[in-house]
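> make a model of this:
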Amino acid sequence: MKSYRQDRSDGIVSPYSVTFFLIHLSCFGVLWTGLTSEALVLGLALYVLRIFAIGAGYHRYFAHRAFRTSRFFQFGLAVLSLTSAQRGILWWAAKHRRHHLHADTDADLHSPVQSGFLYAHVGWVFVSRNDATDYELVRDLARYKELLWLDRHSYLPLAALAVLTWLIAGWPGLIIGFCWSTVAVWHVTFSINSLAHLIGRRRYVTPDQSRNNWLLALLTMGEGWHNNHHAYQASARQGFRWWEYDPTYYMLCILSWFGLVWDLRVPPEKVMRGKHQLGRQALNKIVD
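Below you'll find the predicted structure:
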């Protein structure tokens, strides 16, 4: 089995790193544009919208197929997810499925246990050997031509959003509304790969170091209940207890009232009691 532990041959050479560093650098443009209330509201709205898109789109739908939807809404969810600048739909889903197959082992792409916090948080994304998409892991998604097209042109929605923020609120809209919110979305979601495997509570005994972290759950609209998720990854609901804040799931429920999504999976009672382990076979069913 191939090891993904960081070694000296790893380098920040991916083209993605250029976009990443430029957007971070652009955040300092606020020294020129100044702050406006309109830009701040725009940035907050885009943060919430894109955090939802990552949780409901990239993660719960495309990576885990935790609910069903129409082909039309699937495309819209894909476009919305791509505005978060976390690469293509198929790339993201394939990498995440591999993470679950090998969580916190040498074959995990981003384990802080194996490779350290910084590499797990963001370093692995820039390594050229991780650029390729394993289409065998996303056969269920690769059959849709429109998703393949979006995967090849994954920065078009992001570029369109950048232009839109400039049209709405001028240069402050671009710097604060777009750049600030993009950087915030990046690091909050990256923290699930890093901090959520280091800090928090472990309700379920899983073969990895996943943890429930209430603060990350608050910032990611429910994604921080990470030990819950690793205990039963097929669930559209990640806050298993009534008090576990999971607005991504609440919003999916609202969408289901209008028939936009359906068949939202929830953890069975035996999972809630910690008497069931979800094995590799369940993940394999997604791609068959």
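> C-alpha from now on. contacts and neighbour counts both.
Fine.
> would you list every one of the helices in the stretch 151-288 of the chain?
Assigned by DSSP state H, counting those that start in this stretch, the stretch 151-288 of the chain shows helices spanning 156-172, 181-194, 214-220, 226-231, 247-257, 269-272, 280-287.
> and those as a markdown table, adding mean pLDDT and mean neighbour count?
Below are the helices of the stretch 151-288 of the chain laid out as a markdown table (pLDDT from 0 to 100; neighbours: other CA atoms under 10 Å):
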| stretch | mean pLDDT | mean neighbour count |
| --- | --- | --- |
| helix 156-172 | 96 | 17 |
| helix 181-194 | 97 | 20 |
| helix 214-220 | 97 | 19 |
| helix 226-231 | 95 | 26 |
| helix 247-257 | 98 | 17 |
| helix 269-272 | 80 | 14 |
| helix 280-287 | 44 | 14 |
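> can you redo these as TSV with distance to R143?
Shown next, in TSV, are these (distance: least, CA to CA, whole Å):
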stretch	distance to R143
helix 156-172	21
helix 181-194	28
helix 214-220	30
helix 226-231	27
helix 247-257	25
helix 269-272	32
helix 280-287	11
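> just so I know, which of these lies nearest Y135?
Y135 lies closest, by CA to CA, to one member of the helices of the stretch 151-288 of the chain: helix 280-287, at 9.8 Å.
> which among the helices of the stretch 151-288 of the chain is found nearest to H96?
helix 181-194 (9.9 Å).
> please name the residues that touch the spatially closest residue to R211 that is not a sequence neighbour.
Nearest in space to R211, with sequence neighbours left out and distances taken as CA to CA, 6 or more residues apart in numbering, is N227 at 4.4 Å. By CA atoms under 8 Å, 6 or more residues apart in numbering, the contact list for N227 reads R201, R202, R203, Y204, T206, Q209, S210, R211, N212.
> repeat that for 7 Å
Contact analysis of N227 by CA atoms under 7 Å, 6 or more residues apart in numbering lists R202, R203, Y204, S210, R211, N212.
> contact partners for the fourth one?
Which is S210. S210 makes contact with A196, H197, H226, N227, H230, according to CA under 7 Å, 6+ apart.
> the same query, at a cut-off of 10 Å, please.
Going by CA atoms under 10 Å, 6 or more residues apart in numbering, S210 touches 103-104, 192-204, 224-231.
> still on that earlier bit, any idea how far the residue nearest to R211 is from A53?
N227 sits 21 Å away from A53, going by CA to CA, to the nearest Å.
> what residue is smack in the middle of this protein?
Nearest residue to the geometric centre of the chain (CA atoms, centre = their mean): I54, 4.4 Å.
> quick one: pLDDT of it?
With respect to pLDDT, I54 scores 97.
> that one looks like it's in a strand, true?
No - going by DSSP: H, G, I helix; E, B strand; the rest coil, the assignment for I54 is helix, not a strand.
> surely it touches R87?
No - using CA atoms under 10 Å, I54 is not in contact with R87; the gap is 11.4 Å.
> where does the prediction get shaky in the stretch 1-150 of the chain?
1-15 (pLDDT under 70).
> next up, the contacts around N212.
192, 195-204, 223-230, 238-239, 244.
> which among these end up buried?
192, 195-198, 200-204, 223-230, 238-239, 244 (16 or more other CA atoms under 10 Å).
> before we move on, the earlier item: using TSV, please lay out the contacts of N227 together with distance to G170 and pLDDT.
Supplementary listing: the contacts of N227 in TSV, determined by distance: CA to CA, whole Å; pLDDT from 0 to 100:
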residue	distance to G170	pLDDT
R202	46	95
R203	47	92
Y204	48	92
S210	42	96
R211	41	97
N212	40	97
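> redo the residues you listed as CSV? Include distance to L219.
CSV is the format used below for these (distance: CA to CA, whole Å):
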residue, distance to L219
R202, 19
R203, 20
Y204, 22
S210, 17
R211, 15
N212, 13
